[in-house]
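# pasting a predicted model and its sequence here:
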Amino acid sequence: MAAEETGALTDVVPPRLTKPISGWRRLYNIIGGSAGNFVEWFDWFVYGAFVIYFSAAFFPADDPIVQQMNSWFVFAGGFLARPIGAFLMGKYADIKGRRAALSLSVLMMCSGSLLIALTPTYAWFEESIGFGFLAALSLMLARLLQGLSVGGEYGASATYVSEMAGKDNRGFWSGFLYVTLIGGQLAAVALLRILLEFMGEEQLFEWAWRIPFFVGAVLAVVVFWIRRGIQETSSFENASERKPEDRGKTMMLFTRYPKETFWIVVFTAGGGMAFYTYTSYMTSFLQNTTGFDGETAANIMLVVLFLFMCFQPLVGWFSDKVGRKRVLAASFGGGALLAVPIMTAIGGADSFNSAVLLCLLPLLVLSGYTALSAIVKAELFPAHVRALGVALPYSIAQAIFGGNAGSAASAFKAAGSESGYYWVLAFILACGFVVALMMPDTKKQSLITED
């Protein structure tokens, strides 16, 4: 009904007969479409994992704390670039094709990582030409490239995998997108531990911090090569019969699909805020509130993130059996009810095992959102605006809610009202629950009409 009310069904191009794709070829295409997501997020998280070691290379050496603050400001700048990347790359994917957008996004990430790895230090610029600020400027440029790339990657890869997966297994394959996202985060942390083990902190501060950015650039080249060999989706080929000016039109999201766009913003706000609270912010929470030391907190989160990652395809498969709506509603409703008591319980955890179990529980509940995040968005839009519809409202909501989860939680703690943040999180998740009840079950009413 919702699709008819907004005119969505009238924009669907009837599917035409296409040559069947073999199981192995479909698998290769899906791996190629999602592998870049791993590389993108590896490069994205490497910045945060190694920031303490490279800050001095790009900023004046007066105060290490100021250096790190400046580096985190650059990190935030990359986050703000993500909606721009989603807008540009979403339009590009709807006009030029999913494969073209996937190749371009990973090439941009490669360029950003390589620029960080090769940029001379602040001291070199200052001594050689008297313009030390060029080091920081290069870092900002590289991070903006990475932000544009990540913003564009999600929409293109989510759309491609959703369209390439067979209709009976779309939920299962959708879950692998968050496997690659979390896998990239784990790989960045694992590389840091390896370098610390074999090189030590002194060499990391001096030069070895460049290694992970070189690794990211090389991985991006490999994925670029793989993606040049994947097939275009039948959905895009059908949509390409439309005139280019009728595809990827931004205003169409707000004039023809306002409900769908609103739904994505709301449930991404809840899902993104919860995800960054229970993953990125949780390491600091375990130290500052629970009382664990830094190494123990990091080890807790490594175990939690690995188990959370493994759970994604299972939840996606379950949605293929029972429908998307039930899984989403259970995830947001359960997350809203759990937010206050679970955060309170984590704050009082007194052992490694209890902390792992308590940190894992809300993420398992959240899996009903993370595993379906890509497929539900893709199934709400017809092919000619699908990549833009998936990427833009998602990136806007993430920039506002997901990107600020840690800073908001820290602000509540600094104000002496840490539990206030738990209630805010519960409220935003409750809004997602209401939206999940309003939405159609996209498993039954998918606008991906090709198998």
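Received it, and whenever you're ready, just let me know what you need. Note that the coordinates shown come from a computational prediction; the quantities given were computed from them, not determined experimentally.

# low pLDDT regions in the stretch 301-450 of the chain?
450 (pLDDT under 70).

# quick one: residues contacting the residue nearest to residue 144 when sequence neighbours are not counted.
Excluding its sequence neighbours, the residue lying closest to residue 144 (Cβ to Cβ, 6 or more residues apart in numbering) is residue 81, at 4.8 Å. C-beta here means a position set from N, CA and C on the backbone, and glycine is covered the same way. Neighbouring residues of residue 81 by Cβ atoms under 8 Å, 6 or more residues apart in numbering: 143, 144, 146, 147, 148, 151.

# can you pick the most crowded of these?
residue 151 (31 neighbours; other Cβ atoms under 10 Å).

# still on that earlier bit, so which of the contacts of residue 81 sit within strands?
Applying DSSP state E to those, no entry is found in strands.

# now the two most distant members of the residues you listed.
143 and 151 (12.3 Å; Cβ to Cβ).

# about what we covered before: for the helix or strand where the residue nearest to residue 144 lies, what is the average pLDDT?
Per DSSP states H and E: residue 81 is located in helix 64-96. When pLDDT is averaged over helix 64-96, the result is 72.

# could you point out which element follows that helix?
Assignment by DSSP H and E places the next element after helix 64-96 at helix 98-118.

# counting contacts, what elements does the helix or strand just after that following helix pack onto?
Where DSSP H and E defines the elements, the next helix or strand beyond helix 98-118 is helix 122-129. Packing partners of helix 122-129 (3 or more Cβ pairs under 8 Å, 6 or more residues apart in numbering; DSSP states H and E): helix 23-58, helix 133-164.

# mean confidence score for helix 122-129?
Rounded mean pLDDT across helix 122-129 is 86.

# please save the CA atoms from it in PDB.
Taking Å, rounded to 0.1, in the frame of the first residue of the first chain, the C-alpha atoms of helix 122-129 are listed here in PDB:
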ATOM      1  CA  TYR A 122      55.300  18.500   9.000                       C
ATOM      2  CA  ALA A 123      59.000  18.800   9.900                       C
ATOM      3  CA  TRP A 124      60.100  18.000   6.400                       C
ATOM      4  CA  PHE A 125      57.700  20.600   4.800                       C
ATOM      5  CA  GLU A 126      58.700  23.200   7.400                       C
ATOM      6  CA  GLU A 127      62.400  22.700   6.900                       C
ATOM      7  CA  SER A 128      62.300  22.300   3.100                       C
ATOM      8  CA  ILE A 129      59.900  25.000   2.000                       C
END
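
# and the contacts of it?
56-61, 120, 131-136.

# kindly report the same for stretch 204-222.
By Cβ under 8 Å, 6+ apart, stretch 204-222 touches 36, 39, 42-43, 46, 49-50, 53-54, 56-57, 106-107, 109-110, 113-114, 116-118, 188, 191-192, 195-196, 199.
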